[in-house]
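Enquirer: requesting a structural model of the entry that follows:
(chains A and B)
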Amino acid sequence: MSWHQKSVVQLSKALINKEISSLELSAYYLKRMADSRDLNAYLDILPELSLAQAKEADFLRAQGKAGPLTGIPIAHKDVFVSKGWATTAASKILEGYISPFDAAVVEALGMPTARHPHAAGMVCLGKTNMDEFAMGSSNENSAYGPALNPWNTKRVSGGSSGGSAVAVAAGLAPVATGTDTGGSIRQPAAFCGLTGIKPTYGRVSRYGMIAYASSLDQAGPIGKTAEDCALLLSAMSFHDSRDSTSLADGGEDYARYLHSSWSDKDQNKPLAGLRVGLPKEFYADGLSSEVAQALLVAKEALHGLGASVCEVSLPKTQLSIPVYYVLAPAEASSNLSRYDGVRYGHRAKEYSDLVQMYQRSRSEGFGDEVKRRILVGSYVLSHGYYDAYYLQAQKIRRIIAADFQAAFNQCDVILGPVAPDVAWNLGEKSKNPLQMYLEDIYTLSTNLAGLPAMSVPCGFSKEGMPIGMQLIGNYFSEAKLLQIAHQYQLESDWHLRYPAEVSV
Amino acid sequence: MDINEVHRIAKLSRLELSTAEAEAVLPQLTAIFALVGQMQAVDTSSVDPLPHPILFIRDLAQPLRPDTVTEHEARENNMANAPAQDRGYFLVPRVIE
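Expert: Prediction:
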């Protein structure tokens, strides 16, 4: 039985029907993980800890205390701190770091405790690879080497949640957590043929999520289907008083519209009444013809389900790159000042005074891209440059957010590419950081505006690499986005395909 | 941007860059700031900054909680990752002669 090809929803049923126990299922995944170390999807695996959780989940089930996710294995991005498994954010500066507490997301999805009796009861399989401190679009910035794309191991997996995407795509976890600061859930999901959602900013607690750019960072699930993502997001999203940006109305049942029609306009067309907007700036120079063609087919499919399609405009799309690459580094330079070699993390061996200890510890511990972003951030925040760069970027950020609202007057959802092209070859863009930044063009603006957006598989390139489409919704419209994606997935099978080696 | 500027911001960033590293990063930073310079063409004289995305749609309620103890003493656990410590203190190089 190929359990790794099952969705979370299918595994949930199998556990309820006693076709398999959580212990058997977790052991099955741990075996696959051990056999696929070459993909470098995981940074830390502790089988005994996972199996102990699985036994606990089986015990809960025997007592009649199981929820829909109890006993289902999950992989956590290494940006979430966890007791037990080391947490490094794929950086040398945190090598071997063991957190004294669990991140809110890890806690909410993990085993129920006295403090969190309603936790989902999922089994942690380990911590997944990523770009160092979530800074990157290819996973090549990991201090521990890149996670390899199972569709073609010479290609990048995307980033920064590359390891999470590889784990799910290669059947090394049924579902995984990710974080998205500028596309870090959506782009690796697209590159690996998966479904992923970044919710509205503030939906998911950032407590215990290692900070990169705090006003942009948001966690979400990466899975095979929209239905799985809806289930996971419902368990991840709640108000958390430990995160001051956590929304008071943080949680809801994101699966509630999955099986219903958009409107009652046409009984035979589940998306009748849905207005899909295509931003003309997304379908312009820079978009590969293969991705454009796949999007055209996806648009026709949505139209066939009853949706109407219109053109909209997001005029500042190009500017989202400079705005993001000012704001994110500015916030990063501040957030990463905590790595000083005093309380935790790497400390240099030789230094003559306190400042040199800081400088050497940080210089030895951080990778090149992290250093670059800290330098950029320090510069744009420094005296004499603050207004011209940082403040100007915050102002254009408001214009970008307003442009989305103008577009949402004409449509309910925006359809566009996730990335300009499919996954590129390892090493192809890593020598030129700027070239890598330009790859983020279609994903950055939703983080700047705080909007929810998802990636849904919609085709393959001639060379067999997955293509994803991006659905962007208005604030708090996650359940509607997931409804559209689910209705699309009922009529398509792109999300059900597997890399050759995973098909057996 | 020139090499002196790179060393200035490295100092602000508490990073130690060798001459070779500084020289390697200079053209990269120059390229990034050329891109960032595109922002200057936008007239934002009547636009307020947006520091937090949710502020675009509504004011943020500043959440308050009861002033009660929520965390308990866990010094040993919390200090377990410290590179150098002694009797419950973090050790750093001498800063006062």
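
Enquirer: ok, now how distant is A:L51 from A:G71?
Expert: In this view, A:L51 and A:G71 are 12 Å apart by C-beta to C-beta, to the nearest Å. For the C-beta atoms, the positions are set from N, CA and C on the backbone; glycine is no exception.

Enquirer: those two - which one has more neighbours?
Expert: More crowded of A:L51 and A:G71, by other C-beta atoms under 10 Å in any protein chain shown: A:G71, with 31 against 16.

Enquirer: give the helix, strand or coil label for that one.
Expert: When classified by DSSP: H, G, I helix; E, B strand; the rest coil, A:G71 comes out as coil.

Enquirer: re the thing from before, what do A:L51 and A:G71 both touch?
Expert: By C-beta atoms under 8 Å, 6 or more residues apart in numbering or on different chains, A:L51 and A:G71 have these common neighbours: A:S26.

Enquirer: nearest residue to the middle of chain B?
Expert: Nearest residue to the geometric centre of chain B (C-alpha atoms, centre = their mean): B:S13, 8.2 Å.

Enquirer: ugh, typo on my part, it should be chain A
Expert: Geometric middle of chain A (C-alpha atoms, centre = their mean) lands on A:I185, at 2.2 Å.

Enquirer: strands of the chain, start to end?
Expert: Here I'm looking at chain A. Ranges of strands in chain A, per DSSP state E, are A:42-44, A:73-77, A:123-128, A:176-180, A:195-198, A:218-223, A:275-279, A:308-312, A:413-417, A:453-460, A:466-473.

Enquirer: look at chain B instead
Expert: Going by DSSP E, chain B shows strands at B:85-86, B:89-90.

Enquirer: now mean neighbour count and mean pLDDT too, for these, in a markdown table please.
Expert: Converted to a markdown table, the strands of chain B look like this (neighbours: other C-beta atoms under 10 Å in any protein chain shown; pLDDT from 0 to 100):
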| stretch | mean neighbour count | mean pLDDT |
| --- | --- | --- |
| strand B:85-86 | 11 | 96 |
| strand B:89-90 | 12 | 95 |
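
Enquirer: those: which one's closest to A:G178?
Expert: Nearest of the strands of chain B to A:G178, taken as C-beta to C-beta: strand B:89-90 at 33.1 Å.

Enquirer: check A:F101 and give its pLDDT.
Expert: If you check A:F101, the pLDDT there is 95.

Enquirer: got phi/psi on it?
Expert: phi -150, psi 170 (degrees, to the nearest 10).

Enquirer: now it: how far from A:C411?
Expert: 43 Å.

Enquirer: check A:G96 too.
Expert: 49 Å.

Enquirer: the more surrounded of these two?
Expert: A:C411 (22 against 13).

Enquirer: chain neighbours aside, what residue packs nearest to that one?
Expert: In this structure, A:C411 finds its nearest non-sequential neighbour in A:G277, 3.0 Å apart by C-beta to C-beta, 6 or more residues apart in numbering or on different chains.

Enquirer: swap in A:E281?
Expert: In space, A:E281 is closest to A:T317, 4.0 Å off (C-beta to C-beta, 6+ apart).

Enquirer: okay, now the unreliable bits of the chain?
Expert: Chain wasn't specified; assuming chain A. For chain A, the stretches with pLDDT under 70 are A:1, A:250, A:504.

Enquirer: my bad, chain B
Expert: Residues of chain B that meet the cut-off, pLDDT under 70, sit at B:61.

Enquirer: please tell me how far A:A449 sits from chain B.
Expert: 6 Å (C-beta to the nearest C-beta, to the nearest Å).

Enquirer: same check, this time on A:L302
Expert: A:L302 is 26 Å from chain B, by C-beta to the nearest C-beta.

Enquirer: I'd say that residue and A:R275 touch.
Expert: No: if you go by C-beta atoms under 8 Å, A:L302 and A:R275 don't touch, sitting 10.5 Å apart.

Enquirer: so what sits against both of the two?
Expert: What both A:L302 and A:R275 touch, as defined by C-beta under 8 Å, 6+ apart, is the set A:V309.

Enquirer: so for those two, which sits in the more crowded spot?
Expert: The neighbour comparison of A:L302 against A:R275 (other C-beta under 10 Å) goes to A:L302, with 23 against 16.

Enquirer: and stretch A:354-372, what's buried?
Expert: For stretch A:354-372, the buried set under the neighbour-count rule, 16 or more other C-beta atoms under 10 Å in any protein chain shown, comprises A:357-363, A:365-367, A:369-372.

Enquirer: please disregard the earlier target; I meant stretch B:83-97.
Expert: B:83, B:92.

Enquirer: contact partners of that stretch?
Expert: A:341-347, A:351-354, A:357, B:75, B:79, B:82.

Enquirer: need the max-distance pair from these.
Expert: Of all pairs in these, the most separated under C-beta to C-beta is A:S352 and B:R75 at 29.8 Å.

Enquirer: tell me where chain B has helices.
Expert: Using DSSP state H, the helices of chain B run over residues B:3-12, B:19-36, B:75-78.

Enquirer: any idea which of those helices gets closest to A:T179?
Expert: That would be helix B:19-36 among these, by C-beta to C-beta, at 23.0 Å.

Enquirer: list the helices and strands the closest one packs on?
Expert: helix A:320-335, helix A:368-381, helix A:433-438, helix B:3-12 (3 or more C-beta pairs under 8 Å, 6 or more residues apart in numbering or on different chains; DSSP states H and E).

Enquirer: re earlier: for A:R398, see how far away the residue nearest to A:C411 is.
Expert: A:G277 is 21 Å from A:R398, by C-beta to C-beta.

Enquirer: more crowded one of those two?
Expert: The residue with more neighbours, out of A:G277 and A:R398, is A:G277; 24 against 20, by other C-beta under 10 Å.

Enquirer: which other residues reach stretch A:287-295?
Expert: A:283, A:415-417, A:419-422, A:458-462, A:467, A:469.

Enquirer: report the distance from it to the chain centre.
Expert: For stretch A:287-295, the separation from the chain centroid amounts to 22 Å (computed by C-alpha atoms, centre = their mean, to the nearest Å).

Enquirer: and that stretch, what's buried?
Expert: In stretch A:287-295, counting by 16+ other C-beta under 10 Å, buried: A:287, A:290-291, A:294-295.
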